[in-house]
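Participant: Just a sequence and a predicted model for now, questions to come.
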Amino acid sequence: MSFFTGLNNSDLFSMTGVFSPNVMMYSKEDMKNWIQSRLTQNKTYLYMYAGKGNDMESKLYPAFEQTCQTLKEIYPKEFLKIVVKENGMHHESHWEPVFKDFLHDFLAKNH
C-alpha cells in the first residue's frame with residue numbers, strides 16, 4: 001500500500017518506505033504506465049525493500065524485481081533506493097533492521 005499511496009500523493013509524502021510490497025497483480029506495461037502517470041513535479045523518495053529468504057518473499061520477488069527495473073528506467077535515480085536481502089523474509093523482524101537504514105535516509109534528506 002505504501003508504494004501506491006506514496007506515488008499517488010507525492011505532494012504529501014516526501015519519502016515512502018516500501019517493505020515487501022505485493023505488486024504481482026500488474027503487468028509490466030500496466031505498472032510502467034501507472035508510474036509514468038504519477039510522475040509530477042513533486043517526487044517522493046522511494047525506499048524499496050524485498051527479501052528472498054522465505055516462501056512468501058520468493059512469490060513476491062519476481063514482480064518486485066520487475067517493478068524496480070521499471071523504476072530504474074523511468075524514475076529519477078536520486079529519488080530511488082532499492083534494497084534486496086538474500087535471506088530477508090516477509091516479516092516484521094526482518095523489516096526492523098532495514099527500517100533503520102530507511103530512517104537514516106529519511107532524516108538525512110529531511111534535515
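Facilitator: Noted; the coordinates are in hand. Every value quoted in this text rests on a predicted model; they were computed, and no experiment measured them. Numbers count the residues shown, from 1 in each chain.

Participant: Tell me the secondary structure at P62.
Facilitator: helix (DSSP: H, G, I helix; E, B strand; the rest coil).

Participant: My error: substitute N22 in the last question.
Facilitator: Look at N22: counting by three-state DSSP, its state is coil.

Participant: how much space between it and K85?
Facilitator: Per C-beta to C-beta, to the nearest Å, N22 is found 17 Å from K85. Bear in mind the C-beta positions are built from the backbone N, C-alpha and C, glycine included.

Participant: the more surrounded of the two?
Facilitator: Remark: of N22 and K85, K85 carries more neighbours, 16 against 13, as counted by other C-beta atoms under 10 Å.

Participant: what's near enough to touch the nearest residue to T16 once chain neighbours are set aside?
Facilitator: Nearest residue to T16, sequence neighbours excluded (C-beta to C-beta, 6 or more residues apart in numbering): G6, at 2.9 Å. Contact analysis of G6 by C-beta atoms under 8 Å, 6 or more residues apart in numbering lists F13, M15, T16, V18, T44, L46.

Participant: rerun that using 10 Å as the cut-off
Facilitator: The contact partners of G6, by C-beta atoms under 10 Å, 6 or more residues apart in numbering, come to 12-18, 38, 43-47.

Participant: Show me how to select, in PyMOL, the buried members of those residues.
Facilitator: Selecting only the buried entries of the contacts of G6 in PyMOL, with 16 or more other C-beta atoms under 10 Å as the criterion:
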select buried, resi 13+15+16+17+18+38+43+44+45+46+47
